[in-house]
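Enquirer: quick one, structure for this:
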Amino acid sequence: MKTTIYTLKLTPFQETKLYDTWKSSQSKTPPYAKWQLRPENCVITCYTSGKTVFQGKDASVYASPFADIFELSAPAKTKTAPAFKVKNRLPQAGSDEVGTGDYFGPVCVCATIITADTLPLLEKLGVRDSKQLNDTDIRKIAPKIMNQIPYSLLILDNEKYNNVHETNNMNAIKSKLHNQAYVNLVKNYEVPSFKIIDQFTPETSYYRYLKGEKTIVTGIHFETKAEDKYPAVGAASVIARYAFLKKMDEMEENWKMKFQKGAGDKVDICAEEFVKKHGFDSLSQVAKMHFKNTEKLK
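Expert: All right, here's what the predicted structure looks like:
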């Protein structure tokens, strides 16, 4: 797969924020550099010249929050959504996932922390469940949020997903990703006691799926449709969707074709086109093979 490289000129504040977010992945500092980080699928090097280089499969995801500096005083260009129904439990942490219903593309899980200071920004930008925002809005809003709040983002690409799915069902995969997102938050930030997951499985099942995990974050509140009630879950939904869109962009560039979202009839046509161009054996690199769409190809 093609390696992507981005070179950005960051402010000292942005350099510090970037380093603090991923410092747990710090590696040996190369010559002429301040530091180097190696989060999943990316190498980030901050040079003494003032330039920061992002290199790897997920370089665009890590670099994008800093590609467009956002000033709080700037007028919002997006629609303002109604205030969150539940916002009296601040600070709060929340998590959500994107991509589990899409045949093509990765599964992305994000966990965020929202405080009374950052809530006005979310409401001003119209942050809500990503399914209620179009992709154009997501691309505008997400980088601005990512530059202002603590978050942990996990991206499980299709090849890894298919390997993991051989021994884990979808809910087990999601449970482990959500847990790891919270583990990463705990490592890097002071996480509020009030933590929410947009519920996709019963609480007892969630923790059963996590048996055997090295670290398990407990004390989580589970609630359906949480993205409309809790700003931390809403923000997580938007960031996860943004990461999904960026990975789809990379897939389209790498494979030179347009990938349909979802799992309907248009996706079946797209899958047939992909197989004709690249062969059935390559399908596992872009699709979730256990979906019924694969059976239709056979």
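Enquirer: low-scoring stretches of the protein, by residue?
Expert: Residue ranges of the chain with pLDDT under 70: 1-3, 67-88, 128-132, 298.
Enquirer: domains of it?
Expert: Here the domain assignment for the chain is 4-66, 92-250, based on automatic domain parsing.
Enquirer: among those domains, which is nearest Lys292?
Expert: domain 92-250 (8.9 Å; CB to CB). C-beta here means a position set from N, CA and C on the backbone, and glycine is covered the same way.
Enquirer: start to end distance for the closest one?
Expert: End-to-end distance of domain 92-250 (CA to CA, to the nearest Å): 33 Å.
Enquirer: I figured Ser95 hits Cys108, correct?
Expert: No. The pair Ser95 / Cys108 is not scored as a contact, 11.1 Å apart, by CB atoms under 8 Å.
Enquirer: neighbour count for the two, which is higher?
Expert: Between Ser95 and Cys108, counted using other CB atoms under 10 Å, the more crowded position is Ser95 (30 against 27).
Enquirer: and that one, helix, strand or coil?
Expert: strand (DSSP: H, G, I helix; E, B strand; the rest coil).
Enquirer: pull the number of nearby residues for Tyr207.
Expert: Neighbours of Tyr207 under the rule other CB under 10 Å: 16.
Enquirer: ok, it - contacts?
Expert: 216, 218 (CB atoms under 8 Å, 6 or more residues apart in numbering).
Enquirer: strands of this protein, residue ranges please.
Expert: Per DSSP state E, the chain has strands spanning 4-9, 26-27, 33-37, 43-47, 51-56, 92-98, 107-114, 151-156, 195-198, 220-223. These are given in chain order.
Enquirer: between those strands, which gets nearest to Leu297?
Expert: Closest approach to Leu297 among the strands of the chain (CB to CB): strand 107-114, 21.0 Å.
Enquirer: that closest one vs strand 151-156, what angle?
Expert: Using axes from the mean of the first three to the mean of the last three CA atoms, to 10 degrees, the inter-axis angle of strand 107-114 relative to strand 151-156 is 180 degrees.
Enquirer: returning to that earlier point: out of the domains of the chain, which one sits most buried?
Expert: domain 92-250 (a mean of 20; mean count of other CB atoms under 10 Å).
Enquirer: quick check: Met251 touching Phe259?
Expert: Yes. Under the criterion of CB under 8 Å, Met251 makes contact with Phe259 at 5.8 Å.
Enquirer: what touches both of these two?
Expert: 104-105, 286.
Enquirer: can you pull up the most central residue in this protein?
Expert: Central residue of the chain (CA atoms, centre = their mean): Ala240, 3.3 Å from the mean position.
Enquirer: show the contacting residues for that one.
Expert: Here Ala240 is in contact with 96-99, 108-110, 130, 153 (criterion: CB under 8 Å, 6+ apart).
Enquirer: make JSON lines out of the domains of the chain and add distance to Thr294.
Expert: What follows is those, written out as JSON lines (distance: least, CB to CB, whole Å):
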{"stretch": "domain 4-66", "distance to Thr294": "23"}
{"stretch": "domain 92-250", "distance to Thr294": "8"}
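Enquirer: dump the strands of the chain to JSON lines, plus distance to Leu245.
Expert: Formatted as JSON lines, the strands of the chain follow (distance: least, CB to CB, whole Å):
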{"stretch": "strand 4-9", "distance to Leu245": "15"}
{"stretch": "strand 26-27", "distance to Leu245": "29"}
{"stretch": "strand 33-37", "distance to Leu245": "23"}
{"stretch": "strand 43-47", "distance to Leu245": "21"}
{"stretch": "strand 51-56", "distance to Leu245": "17"}
{"stretch": "strand 92-98", "distance to Leu245": "9"}
{"stretch": "strand 107-114", "distance to Leu245": "9"}
{"stretch": "strand 151-156", "distance to Leu245": "12"}
{"stretch": "strand 195-198", "distance to Leu245": "19"}
{"stretch": "strand 220-223", "distance to Leu245": "26"}
